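A.B. asks: Structure for the following, please:
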Amino acid sequence: MVAFHASALDGVARNPVLPTPLLLRLLTAGGGPPRHALQRAGLPEQAVAVILGHPNPGTRIHFAMSARAEPAQRARLADDPSPKVRVALAYGPEWHDPRTAVVPLPDDVCARLLDDADPSVRAALLDSPQLAPSFLASLAMHHDPAARRNAARAWGILTPGERSALLADPDPEVRRAAALWECRRDARVTTELLRDPTYAAEVVRRGLLHRADAERRVAERADLTALAENPSLPADLVERLAVDPDEAVRLAVSLRPELDEARRMAIDFTVGDLDRGDDVRWVRDGLADPDVLRRAATSAHPLLQRAAARSPHLPPDLLRLLARTEDPVVENRLGIHHPDTPEEVLMRVYARLGGTFSAWMAETHPRFPRKGLAARYAHHPDGKYRRLAVRDPAATPALIEQLSHDPEVWTRQAAAGDPRLPLRRLRQALHVPELASSAGANPALPEEEMAAVLDRACISA
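C.D. replies: Numbering: from 1, shown residues only. Predicted structure coming up:
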């Protein structure tokens with residue numbers, strides 16, 4: 001198969017108006033259909049049936065890991081004859097779009113996979129980041145110690161009896177996992193865990209501390225940055241760490257939730273230009289809490305503002321406040337996470353970071369500007385701006401065709417995928433290697449041209 005045919009085929013597989021007969025034809029490709037055909041949203045039942053019965057396990061694996069497929073559709077692979085397919089299903093989609101959550105498999109399907117005869121399937125399921133809390137909680141009494149260990153991840157919804165059973169479990173790793181959660185409310189458990197240096201930093205950071213344990217850590221200068229975050233640290237020890245010679249310790253103290261703004265900003269701390277505040281747990285855990293968001297967003301502390309900017313739940317006044325900070329990290333996060341990020345913020349992110357993930361998230365944001373872009377940027381000296389002209393609803397077919405010949409490949413590709421591109425040029429683009437995929441995905445591509453792409457790829461009717 002010639003490379004540009006494969007590229008055009010990939011585009012057709014993504015085309016939003018691909019007719020079902022051509023989709024079904026595409027799914028029968030001998031070496032396996034393009035991944036985009038398998039991971040389309042809203043696949044019809046006929047297509048799902050073809051995928052489930054496809055002789056190539058790789059085809060079924062791609063479908064098993066589709067973030068766009070309905071969980072009930074993917075779940076039909078739970079009895080697939082290939083362990084590799086079942087492993088892919090058990091682990092789930094590799095999905096990195098923070099605007100879209102992956103819906104977990106139903107609990108009963110997860111239970112079947114957990115009892116799979118192949119240990120790799122069981123391991124993949126327990127490693128999955130997409131398990132529902134209800135399923136995790138159901139593992140508290142499971143016969144497999146690895147499953148019971150994972151049940152601790154749902155500690156907040158376990159019954160007192162289930163927690164007690166896990167804390168007394170015959171398996172030491174299960175007991176350890178349970179204790180790492182229980183120590184947050186039981187100082188005795190914290191003291192016991194501190195005897196093992198493997199987990200000391202995490203226990204010091206989160207566990208309920210006896211004063212003697214806290215004083216010992218301060219005296220030994222052990223895990224002080226972690227200790228500075230501990231919610232139960234006595235106030236006088238907080239004050240001592242606030243003037244510690246270690247800058248990282250002072251920064252950790254400055255982020256404590258109980259400090260008022262005057263005390264917080266009196267601490268001598270430094271924030272790096274790229275520090276994001278991901279470790280400010282009280283903000284991270286409160287991204288849907290209006291009070292937490294207000295305290296963080298209105299603070300003068302840059303890391304608290306950056307942490308709050310991750311929330312899609314910021315009310316309008318806090319969104320406006322953060323949008324005025326002129327902090328690049330705050331702007332990047334608003335562009336990724338908030339549905340109402342102002343146009344000017346999105347444009348600044350795009351201008352500053354063109355070609356990066358953050359810039360792509362800004363450009364694909366529903367509020368990214370469209371009107372007036374053709375007049376402003378069609379003849380801009382920088383190709384990344386000329387590409388924006390394609391987004392303008394007022395751009396003419398003549399301009400789109402002009403941009404399809406642009407010196408910058410990304411601009412040419414954007415124009416090749418635009419339905420206003422004249423049909424003559426669209427047909428040409430199908431045979432230009434770097435444009436073929438964009439042209440194949442163009443919703444204005446006639447059905448007969450899509451069929452011709454399949455013909456050239458030797459996919460029989």
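A.B. asks: which helices and strands sit right next to the helix or strand harbouring Gly335?
C.D. replies: Gly335 belongs to helix 328-337 when assigned by DSSP states H and E. Other helices and strands packing on helix 328-337, by 3 or more Cβ pairs under 8 Å, 6 or more residues apart in numbering; DSSP states H and E, are helix 302-308, helix 316-323, helix 343-353, helix 357-363. C-beta coordinates here come from the backbone N, C-alpha and C atoms, glycine included.
A.B. asks: So what does Arg176 look like in phi/psi?
C.D. replies: phi -60, psi -50 (degrees, to the nearest 10).
A.B. asks: So, low pLDDT: which residues of the stretch 301-450 of the chain?
C.D. replies: For the stretch 301-450 of the chain, no stretch is flagged by pLDDT under 70.
A.B. asks: Throw the helices and strands packed on helix 328-337 into TSV and include distance to Asp406, thanks.
C.D. replies: Output for the helices and strands packed on helix 328-337, formatted as TSV (distance: least, Cβ to Cβ, whole Å):
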stretch	distance to Asp406
helix 302-308	36
helix 316-323	32
helix 343-353	18
helix 357-363	17
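A.B. asks: between the ones you listed, which gets nearest to Arg221?
C.D. replies: Closest to Arg221 of those, according to Cβ to Cβ: helix 302-308, at 23.5 Å.
A.B. asks: Need the residues that contact the closest one.
C.D. replies: Residues from elsewhere that reach helix 302-308 (Cβ atoms under 8 Å, 6 or more residues apart in numbering): 251, 255, 271, 275-278, 280, 283-284, 287, 293, 295-297, 299, 314, 318, 322, 325, 327, 329-330, 333.
A.B. asks: how distant is it from the center of its chain?
C.D. replies: 19 Å (Cα atoms, centre = their mean, to the nearest Å).
A.B. asks: next one: stretch 132-141
C.D. replies: On the basis of Cα atoms, centre = their mean, stretch 132-141 sits 23 Å off its chain's mean C-alpha point.
A.B. asks: For it, measure first residue to last.
C.D. replies: 17 Å (Cα to Cα, to the nearest Å).
A.B. asks: What residues of stretch 191-207 count as buried?
C.D. replies: Thr191, Leu193, Leu194, Tyr199, Ala200, Val203, Val204, Arg205, Arg206, Gly207 (16 or more other Cβ atoms under 10 Å).
A.B. asks: Tell me which of those fall in helices.
C.D. replies: Thr191, Leu193, Ala200, Val203, Val204, Arg205, Arg206 (DSSP state H).
A.B. asks: so the third one makes contact with Leu224?
C.D. replies: In other words, Ala200. No: here Ala200 lies out of contact with Leu224, judged by Cβ atoms under 8 Å, at a distance of 11.9 Å.
A.B. asks: Filter the contacts of helix 302-308 down to the buried ones.
C.D. replies: 251, 255, 271, 276-277, 280, 283-284, 287, 293, 295-297, 299, 314, 318, 322, 325, 327, 329-330, 333.
A.B. asks: Can you tell me the SS state at Gly30?
C.D. replies: Judged by DSSP: H, G, I helix; E, B strand; the rest coil, the three-state class of Gly30 is coil.
A.B. asks: Please tell me how far it sits from Pro55.
C.D. replies: Using Cβ to Cβ, to the nearest Å, Gly30 is found at 9 Å from Pro55.
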